[in-house]
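Asker: Curious how this folds, go ahead:
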Amino acid sequence: MSADMVHHPRFISLEGTEGVGKSTLIQGLTQVLQSQGLTVLCTREPGGTPLAEKIRSLLLATDEEVPCVATELLLLFAARAQHCHEVILPALDAGKWVICDRFVDASYAYQCGGRGLDSGLLDRLCADFVPVMPSLTLWLDAPVAMGLQRVRGRNALDRFEQEKQGFFDRVHAVYQARALAEPERIQRINAEEDAAGVLAQASSHLGKRITASQ
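Answerer: Sure, this is the predicted structure:
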């Protein structure tokens, strides 16, 4: 990833393996920002626009043709390019805060770590098709087995959720490595705590960004 890529101060992403509580935390962080009179846009990847949501459906489907690894990656970046162009950049330009459930780090974790793709390929795609990066990424870290137990209590699992634990162990290892490599941007959150504890940790990091942006 290019070292000179723009990191926008009002752009926040949440990352982590399955079942770590990202959706719950997004709700809490939205309330924190709104309580200070700030306008918030919550979005997700893959998805975030009608076209990108259609791509998401293809990627997660379990009853369709299984995409090869290259197809999976290119579909993800097609959705991301549309998402950035149609949603993220306009929201930031309008002065909004953007909270995104997964972003570029997820591709490094899932496609490089989980699938074994070369990270250099993702570096090139990011340089060409990702115009902005979060200034703050909250990595919700919990034991893989714990998260999978939560997820597998649901009625239906998508194509990624059906992967074996070894896949998610590799995903987790990449998240950990990226957090060590970018300690200013990526902040580890202990997701073994209850929802209130997780929100308190995340709010501490967010508060610093709010202050810096004013």
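Asker: Go through the stretch of helix or strand residue 204 belongs to and flag the buried ones.
Answerer: Assigned by DSSP states H and E, residue 204 falls within helix 195-213. By 16 or more other C-beta atoms under 10 Å, the buried positions in helix 195-213 come out as 198, 199, 201, 202, 203, 205, 206, 209, 210. Just so you know, the C-beta spots here come from the backbone N, C-alpha and C atoms, and that holds for glycine as well.
Asker: for stretch 30-48, same thing?
Answerer: Quick answer for stretch 30-48 (16+ other C-beta under 10 Å): 30, 32, 33, 40, 41, 42, 43, 44, 45, 46, 47, 48.
Asker: Quick check: closest non-adjacent residue to the second one.
Answerer: In space, not counting the residues next to it along the chain, residue 32 is nearest to residue 203; the distance is 5.4 Å by C-beta to C-beta, 6 or more residues apart in numbering.
Asker: roughly how far apart are the one you found and residue 12?
Answerer: Separation of residue 203 from residue 12 (C-beta to C-beta, to the nearest Å) stands at 12 Å.
Asker: Overlap of the contact sets of those two?
Answerer: Applying C-beta atoms under 8 Å, 6 or more residues apart in numbering, one finds that residue 203 and residue 12 are jointly contacted by residue 29.
Asker: Do a quick rundown of the strands in this structure.
Answerer: Assigned by DSSP state E, the strands in the chain fall at 7-15, 40-44, 97-101, 133-141, 186-190.
Asker: Name the residues that touch the third one?
Answerer: It refers to strand 97-101. Here strand 97-101 has contacts from 8, 10-14, 22-23, 26, 29-30, 33, 38-45, 48, 88, 91-92, 134, using C-beta under 8 Å, 6+ apart.
Asker: Strand partners (parallel or antiparallel) of it?
Answerer: As defined by DSSP bridges, the strand partners of strand 97-101 come to strand 7-15 (parallel), strand 40-44 (parallel).
Asker: okay, the last one in CSV with CA atoms only?
Answerer: Output of strand 40-44 as CSV, limited to C-alpha atoms (Å, rounded to 0.1, in the frame of the first residue of the first chain):
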residue,chain,number,x,y,z
VAL,A,40,-22.4,10.1,10.7
LEU,A,41,-22.7,7.7,7.8
CYS,A,42,-22.5,4.0,8.5
THR,A,43,-21.7,1.7,5.7
ARG,A,44,-20.1,-1.7,5.0
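Asker: what's that strand in contact with?
Answerer: Outside strand 40-44, the residues that touch it by C-beta under 8 Å, 6+ apart are 26, 30, 33-34, 83, 87-88, 91, 96-102.
Asker: For this protein, which element, helix or strand, carries the lowest mean pLDDT?
Answerer: helix 144-151 (a mean of 88; mean pLDDT, DSSP states H and E).
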